[in-house]
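Novice: Build me a model:
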Amino acid sequence: MYGPIADTIRTQRLVLEPLAVHHADEMAPVLDDPRLHRYIGGEPLTLEELRARYAHLAAGPAPFHQEYWLNWIVRRARDGQAIGYVQATVTPAAPEYTVTPASAGSTVTPGPPRLTASVAWVIGMPYQGFGFATEAARALLDRLAEHGVRDVVATVHPDNRASAAVADRIGLRRTGETRDGEIVWRLPRPAPP
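Specialist: Model prediction:
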């Protein structure tokens with residue numbers, strides 16, 4: 001799953017670079033604004049804490065977890081400035097089933113294996129308001145779709161209007177569900193043919 005899905009992603013204005021431990025040095029100042037943590041929780045990490053976190057994320061989960069952690073640093077293409085990150089946790093989803101009518105014997109047929117992704121985006125305070133979060137999150141969803149991930153969710157703090165707007169602009173739809181006090185947004189699935 002990692003392979004090409006975790007390669008560098010380029011957009012018109014951004015470069016999404018796969019996360020590595022050394023990124024902590026330039027990301028610490030980007031993430032060091034307490035206002036940024038109002039909706040994502042916690043408080044800014046020290047440089048050493050961020051290095052440790054990035055080492056953990058870059059290593060990925062244990063193989064028996066059957067999930068993939070995909071993380072990218074978001075950079076402005078024009079100057080290489082790190083401005084934030086996007087991430088996706090990809091896990092297996094239960095297959096769907098088709099059932100033939102009773103007149104045909106009510107045969108239950110499992111569909112192909114499916115993957116689901118929980119996505120997130122964070123852009124540093126000085127870089128907000130320029131559409132970078134939308135552009136980066138859209139690129140992330142496009143990369144996931146290229147690799148067969150069609151079930152996508154994000155959770156957004158109910159007071160975080162900016163992230164709710166990003167979710168809406170990239171095609172996610174607000175659901176009536178909540179998870180850990182946050183609103184679940186889901187990518188609508190296309191109708192079957």
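Novice: wait, doesn't Tyr97 sit right on Val108?
Specialist: Yes: the pair Tyr97 / Val108 is scored as a contact, 5.4 Å apart, by CB atoms under 8 Å. Backbone N, C-alpha and C define where each C-beta goes, glycine included.
Novice: got the buried residues for the longest strand seen in the chain?
Specialist: Secondary structure assigned by DSSP state E gives strand 82-93 as the longest strand of the chain. By neighbour count with 16 or more other CB atoms under 10 Å, strand 82-93 contains the buried residues Ala82, Ile83, Gly84, Tyr85, Val86, Gln87, Ala88, Thr89, Val90, Thr91.
Novice: And stretch 50-68, by the same measure?
Specialist: Leu50, Arg51, Tyr54, Leu57, Gly60, Glu67, Tyr68.
Novice: Do me a favour and get the end-to-end distance for it?
Specialist: 20 Å (CA to CA, to the nearest Å).
Novice: can I assume Pro61 sits in a helix?
Specialist: No: Pro61 is assigned coil when assessed by DSSP: H, G, I helix; E, B strand; the rest coil, not a helix.
Novice: excluding its backbone neighbours, what's nearest it?
Specialist: With CB to CB, 6 or more residues apart in numbering as the criterion, Pro61 has its nearest non-adjacent residue at 5.5 Å, and that residue is Glu67.
Novice: dump the residue contacts of the one you found.
Specialist: Pro61, Thr89, Val90, Thr91, Pro92 (CB atoms under 8 Å, 6 or more residues apart in numbering).
Novice: Contacts made by the helix or strand encompassing Val74 with the rest, please.
Specialist: For Val74, the host element (DSSP states H and E) is strand 68-76. Strand 68-76 is contacted from outside by 1-2, 5-6, 9, 13-19, 23, 27, 57-58, 60-61, 81-91, 121, 123, 127, 132, 136, 140, using CB under 8 Å, 6+ apart.
Novice: Report the strands that pair with the longest strand of the chain, each with its relative direction.
Specialist: Using DSSP bridges, the strands paired with strand 82-93 in its sheet are strand 68-76 (antiparallel), strand 114-123 (antiparallel).
Novice: for this structure, what's the longest helix?
Specialist: helix 132-146 (DSSP state H).
Novice: tally of neighbours for Gly14?
Specialist: Just so we're on the same page, residue 14 is Leu rather than Gly. 22 (other CB atoms under 10 Å).
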